[in-house]
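> Take a look and give me a structure for this.
(one chain, ligands or ions: 2)
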Amino acid sequence: DMLQSVIGIGKSQYNGEVPINTTLVDGKYKMLDDSRGAGGTFGGMAITNADHGTSAGAVYVNDTNTWGDGKQYSAGGLTTDANGQTAAVNAMWGLMNTYDALKNVFGWLSLDGHNTATYIAAHVNTAYDNAYYSDTCRCMFIGDGSSFNSLGSIDVIGHEMGHGVTASTSNLTYSGESGGLNESSSDINGEVIEAYARAGGKGDAIPASGNDWVLGKEISKDGTPLRWMMKPSKDGSSPDAWSSTLKRLDVHYSSGPNNRMFFFLSQGSSSDKAGDTWSKYLVKTPLAMTGIGLDKAFRIWFKANTTKFTSSTNYADARAKMIESAEELYGKGSREAIAVQRAYAAINVGT
Ligand code: ASN
Ligand code: ZN
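Residues are numbered from 1 along each chain as shown. Ligands and ions are numbered 1, 2, ... in the order given. Okay, here's the model as predicted:
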């Protein structure tokens, strides 16, 4: 076969027209990017069509290198877009941005850091309102949605890819406090990738702003997010601070306090600039603090999750290892290390 890497035009659902890496094989285009990841199941980062089943299916193929139609799809896609490429474009754009952010900022390659190629299977199940990572295939599945729009926003893809990073590093157990931290790590990844993608998907730092600090706003039909990092209790189920009963909650709720810690660490806890969409959810804490910005906050988190956390890390251990990370990156007694301590204190972990 003659394989050639080319750049196609993707008409995405949430990000307009985007350039996507594809491969020309024997006169047809495949949604396969062999410049991001090697080996794996398809020899490069790929998008497959699960075609409403539960297995991965085949990599998308097209006669031209223009993909999707940029329209809004949810379960309605079953009649208008049963095998639609728009979901595939969303998935590839999310993957490309996640891969590039981790590579350019940390030199971290793909999910495992060793450049093993991953893939996303689009259109899993029928009118499926979820997306998930599977460690068996080291791949992800995204549904078309029913009460949600197609599950292909950047924060959703970044979240799922975050599970792949966690699975191949700390491997935080997916229940109890460690499960909440596992979920939070994926939410953090989703928001960071959202900021990186919106700023153009380039550069060796995470941009200072650009994300919305809520998960799943784009896939929500009425604009109500699934989760609020600045004030998790807005969802009616997540606590805003750690307590001894936190470990009994579903991991998508016990993630809340750590999400809030990360928001404080990055943005500060007493900012109230007019016009900020998140400012009205802030509470004054006894430990009002200045944030250190998204880039530094993510560097500290990523180092802790990929090199210090273990499968049984709980909130107290996360705090200790986050302080250690900050000290190694920015110095003992640094502003950054003190900010980590204050951010955890603000969610009732340590003083
Ligand atoms: N979308 C969900 C998640 O990634 C799927 C699940 O409950 N594991 O957390
Ligand atoms: Zn998750």
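
> CA atoms for contacts and neighbours, from now on please.
Will do.

> Can you pull the residues of this protein lying near ligand 1?
Asn130, Ala131, Tyr132, Glu160 (C-alpha under 6 Å from any ligand atom).

> of the residues you listed, buried ones?
Taking 16 or more other C-alpha atoms under 10 Å as the criterion, what is buried in the residues of the chain next to ligand 1 is Asn130, Ala131, Tyr132, Glu160.

> can you list those in TSV and add pLDDT and secondary structure?
Shown next, in TSV, are these (pLDDT from 0 to 100; DSSP: H, G, I helix; E, B strand; the rest coil):
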residue	pLDDT	secondary structure
Asn130	97	coil
Ala131	98	strand
Tyr132	98	strand
Glu160	98	helix
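
> and the helix or strand containing Arg299, average pLDDT?
Taking DSSP states H and E as the criterion, Arg299 maps to helix 294-307. In this model, helix 294-307 carries a mean pLDDT of 98.

> With respect to Met45, which of the residues of the chain next to ligand 1 is nearest?
Distance to Met45 across those (C-alpha to C-alpha) is lowest for Glu160, with 14.7 Å.

> residue contacts, that closest one?
Contacts of Glu160 were listed using C-alpha atoms under 8 Å, 6 or more residues apart in numbering, and they are Ala131, Tyr132, Tyr133, Met140, Ser186, Gly190.

> measure it to Arg260 for me?
To Arg260, Glu160 is 19 Å away according to C-alpha to C-alpha, to the nearest Å.

> circling back to that earlier point, could you list the buried residues of the helix holding Arg299?
294-306.

> Quick one: those as JSON lines, columns for distance to Ser5 too.
Shown next, in JSON lines, are the buried residues of helix 294-307 (distance: C-alpha to C-alpha, whole Å):
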{"residue": "Leu294", "distance to Ser5": "33"}
{"residue": "Asp295", "distance to Ser5": "31"}
{"residue": "Lys296", "distance to Ser5": "34"}
{"residue": "Ala297", "distance to Ser5": "35"}
{"residue": "Phe298", "distance to Ser5": "32"}
{"residue": "Arg299", "distance to Ser5": "32"}
{"residue": "Ile300", "distance to Ser5": "35"}
{"residue": "Trp301", "distance to Ser5": "34"}
{"residue": "Phe302", "distance to Ser5": "31"}
{"residue": "Lys303", "distance to Ser5": "33"}
{"residue": "Ala304", "distance to Ser5": "36"}
{"residue": "Asn305", "distance to Ser5": "34"}
{"residue": "Thr306", "distance to Ser5": "31"}
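
> So which of the residues you listed is the closest to ligand 1?
Asn305 (16.9 Å; C-alpha to the nearest ligand atom).

> Isn't Val6 up against Pro19?
No: using C-alpha atoms under 8 Å, Val6 makes no contact with Pro19, being 10.0 Å away.

> Leu329 touches Phe302, doesn't it?
No: taking contacts as C-alpha under 8 Å, Leu329 lies outside contact range of Phe302: 11.5 Å.
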